[in-house]
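[1] sequence unavailable; structure follows:
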């Protein structure tokens, strides 16, 4: 008989995720993914000024801070037909790139690494050998034996103190850990180094958006002003600061993150055949180079791959009423015309309807409703979103830069293309796209300087700032690529206020419960077949679920009682 | 404190940190906490003799922006805090263990260090319908927070969610969301406000508690005075423009490029208490106003319902009705629009009231009592 394992809280993620997993003969035979927290941001948005929505939605997530703000301003701009100046697009792109670099590095070292790296084993390492390995894979300057032995001593003191803090009760010594002590020490050292590094690159957000987390955005452009002859504007000192930060980040990605990723991956090649997941991949694409209206010119292209067929990329349109829709068959919501319906987000209609067990509880009723996440589908099909989806869509679209880095990595690891469809593939894809983004950021920065040199400092299009210029009713959809995958916001504006606001976010696609037909979403599918050495220690399950970089606060925000709007009315 | 746990100075020494650097750190910490030079000796002594305090960090209805901000702290840096100065025994964001092992770590700390651990809360607590809107390990946030608070030495409410409910408590507050101080009573609670708070404010608050073994002095809303006793408006480098009546009139206009005051663009600096203009963000790089966007007031209760964000304050109902003459800050402001002048008067009156209230609070012994063990 299968044994039910409950993992709650799933740690080293954003938000509240619970997994109930059935294990038989050392393998996962079934899995249920549940979001256990809801806030109701969309409900709260109803009746408010659409120009404020970016600030509300940005609070959907502080880890993927900025991405909701970006989708939100695009949604309103789409609804009101606002085209932003090229400089504003470049500033948004630079903030996007800075965020990717920070977020992916933090995911690798601080959220995912402890699934692969045995911290306690690092105590046994020969620091001189670690230094030798470090120098053989990278010319990063901090690689002396003394540097590594200092970290080792620090770790030793921590262990001897008896207060292990964040490392307490970890799965140390688990047979699934395969790295030699020297690589473990290398990774632990860079865990600490990356923790110190990550606060630097986000200074790009502070310069352009005033702070991080939660920098400021603006419908119609970007809130900063450029004047190279002014003390109080973004001038050459500020721009040089950005340039330096981008350069340093690129160096860290190239010389620390990628070499470490490859070194660790080379010991876990068998994970290229675990955690395969769904055969369908969705990416909205992002990083416009010729305006948001021209997705063909995005750095990350838009499209859908079905049945792992890289020979064809299907189009996706968030305005298509028969395209994207959300179901609530297994979600704690109810639809007025029956819970078996699937609704396009513009018609999104949701009411909280908790039918789960009264807390405290041991198990959820997975036959019924079991999550605060809705279940999104594209033409009825479940989709995986995220770095792997982005790279596959770009690969299948024939983008030479993407094909180059993907083939290079496969060759280096000596694994076949099919290894991409896996836990290892997802983790590798995240690193590879960070490398691409680090390079693109430099291009955007040069483009911004070139525009300023040519006399264009415009940052804002104010034609539609005044609500009196708006139509009585407007609808918009704002797509972006959050680090965790395809993100889209839908808005309905009526009488200058938000009448409906819906977000379908990456982790809603990936972490959602089954749909009405019983089809599993990405987490639940990918966990099938994952080996479990010791059901009491769910290390392997964490590997697969962390390969998606779960972000659950984002995913669970949905609550809008469409048609029963009781929000306060503001007068302008 | 457990005598077997090494002190911070012992830890530092064993890591090869020179005494001189250790003392420099103590001096910096004193400066950051706004202390007289004579108090630096106190910090040195405290860090020499104190062991690592056990800390549990909860996440309830939140977005993890507070955790993210915390790891942005540049002085002290977070690796040093979590490895050398505290023992972060439970944190869903960073800890290696998950599920049962994570819960065991939590309970081990709660039992072993009863009365000694610091409880940090990120997120608000839903109270409607038995708290089903936030459950961890099958238990409601309400249940968890009540249990853990019992043995906590002190409680820190991180950010606007835990301090005043933030976005989930905004109208119509669908889940009955409440801040920590509304669900717990009888415990000292420090409200470290902001969405999120500045990283160095978060680390500074922890180090204050660690160093002085008591919570910092608080304002009337439970916020540490060291970081929340000044209005953003009063510490804003653009303030002279406000006094001179020089305002940004539209985004990216000529005045915006010259860095004029953002008051007319909806800036909430005049009603927001925070250290953004003083400490600034991300190691002092900038703050919202410096980067061209007004303050949205994220360190104040109910700021989501004080919008819309781009409508300027004097146009708000109930604002600017107090007309008592007050010369402070008006000399040049008289040239500005009448509504703005009225606002200046109002806010100065309001400010004087707040100052009076603060003096009254600090004269009573309650603040110190709160700071006890």
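    It's in. This one's a predicted model, so the numbers in the text were calculated from it and none came from an experiment.

[2] so stretch A:248-262, near chain B or not?
    No - judged by C-beta under 8 Å from any C-beta of the partner chain, stretch A:248-262 and chain B are separated, with a smallest distance of 13.8 Å. Just so you know, the C-beta spots here come from the backbone N, C-alpha and C atoms, and that holds for glycine as well.

[3] state the mean pLDDT of that stretch.
    Taken as a whole, stretch A:248-262 has a mean pLDDT of 98.

[4] can you give me the end-to-end distance of that stretch?
    With C-alpha to C-alpha, to the nearest Å as the measure, the first residue of stretch A:248-262 is 20 Å from its last.

[5] show me what it is in contact with.
    Outside stretch A:248-262, the residues within contact range by C-beta atoms under 8 Å, 6 or more residues apart in numbering or on different chains are A:98, A:101-102, A:104-105, A:108, A:137-140, A:186-187, A:190, A:193-194, A:197, A:200-201, A:409, A:412-413, A:427-428, A:431-432, A:434-435, A:438-439, A:441-442.

[6] list buried members of these by neighbour count.
    Neighbour counting with 16 or more other C-beta atoms under 10 Å in any protein chain shown marks A:98, A:101-102, A:104-105, A:108, A:137-138, A:140, A:186-187, A:190, A:193-194, A:197, A:200-201, A:409, A:413, A:427-428, A:431-432, A:434-435, A:438-439, A:441 as buried within the contacts of stretch A:248-262.

[7] and residue 157, how many neighbours does it have?
    Picking chain A for this. 16 (other C-beta atoms under 10 Å in any protein chain shown).

[8] you answered for a different chain; I wanted chain B.
    Using other C-beta under 10 Å, residue B:157 is surrounded by 27 other residues.

[9] who touches it in this structure?
    Going by C-beta under 8 Å, 6+ apart, the list of residues near residue B:157 reads B:121, B:163, B:179-181, B:189-192, B:222.

[10] so how far is chain A from the nearest residue to residue B:231 once chain neighbours are set aside?
    Taking C-beta to C-beta, 6 or more residues apart in numbering or on different chains as the measure, residue B:231 lies nearest to residue B:273, with 5.7 Å between them; neighbours along the chain are not counted. The spacing between residue B:273 and chain A, counted by C-beta to the nearest C-beta, to the nearest Å, is 16 Å.

[11] could I get the phi/psi values of residue A:450?
    Listed backbone geometry of residue A:450 is phi -60, psi -40, with angles given as degrees, to the nearest 10.

[12] tell me the contacts of the residue nearest to the spatial centre of chain A?
    In chain A, the C-alpha nearest the mean C-alpha coordinate belongs to residue A:484, at 1.9 Å (C-alpha atoms, centre = their mean). Listed by C-beta under 8 Å, 6+ apart, the contact partners of residue A:484 are A:64, A:385-386, A:505-507, A:510, A:548-551, A:554.

[13] turn the contacts of residue B:157 into JSON lines, columns for neighbour count, secondary structure and pLDDT.
    Compiled in JSON lines, the contacts of residue B:157 are given as follows (neighbours: other C-beta atoms under 10 Å in any protein chain shown; DSSP: H, G, I helix; E, B strand; the rest coil; pLDDT from 0 to 100):
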{"residue": "B:121", "neighbour count": "32", "secondary structure": "strand", "pLDDT": "98"}
{"residue": "B:163", "neighbour count": "29", "secondary structure": "helix", "pLDDT": "98"}
{"residue": "B:179", "neighbour count": "25", "secondary structure": "coil", "pLDDT": "98"}
{"residue": "B:180", "neighbour count": "30", "secondary structure": "helix", "pLDDT": "98"}
{"residue": "B:181", "neighbour count": "18", "secondary structure": "helix", "pLDDT": "97"}
{"residue": "B:189", "neighbour count": "24", "secondary structure": "strand", "pLDDT": "96"}
{"residue": "B:190", "neighbour count": "27", "secondary structure": "strand", "pLDDT": "98"}
{"residue": "B:191", "neighbour count": "28", "secondary structure": "strand", "pLDDT": "98"}
{"residue": "B:192", "neighbour count": "30", "secondary structure": "strand", "pLDDT": "98"}
{"residue": "B:222", "neighbour count": "21", "secondary structure": "coil", "pLDDT": "96"}
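
[14] just checking: which of the residues you listed also lie near chain A?
    Counting by C-beta under 8 Å from any C-beta, nothing from the contacts of residue B:157 sits close to chain A.

[15] where does the prediction get shaky in chain B?
    For chain B, the stretches flagged by pLDDT under 70 are B:1-18, B:20-22, B:24-50, B:314-373.

[16] gap between the nearest residue to residue A:274 once chain neighbours are set aside and residue A:542?
    Setting aside the residues directly before and after it, residue A:274 is nearest to residue A:423 in space (C-beta to C-beta, 6+ apart), at 5.2 Å. Plainly put, residue A:423 is 10 Å away from residue A:542 if you go by C-beta to C-beta, to the nearest Å.

[17] what of residue A:282?
    The separation that residue A:282 has from residue A:542, given C-beta to C-beta, amounts to 25 Å.

[18] over to residue A:312?
    For residue A:312, the distance to residue A:542 under the criterion C-beta to C-beta works out to 34 Å.

[19] please apply the same query to residue A:122.
    For residue A:122, the distance to residue A:542 under the criterion C-beta to C-beta works out to 19 Å.

[20] what does residue A:353 give?
    Per C-beta to C-beta, residue A:353 is found 31 Å from residue A:542.

[21] same thing with residue A:502?
    Counting by C-beta to C-beta, the gap from residue A:502 to residue A:542 is 31 Å.

[22] repeat that for residue B:302.
    When C-beta to C-beta is the yardstick, residue B:302 and residue A:542 sit 39 Å from each other.
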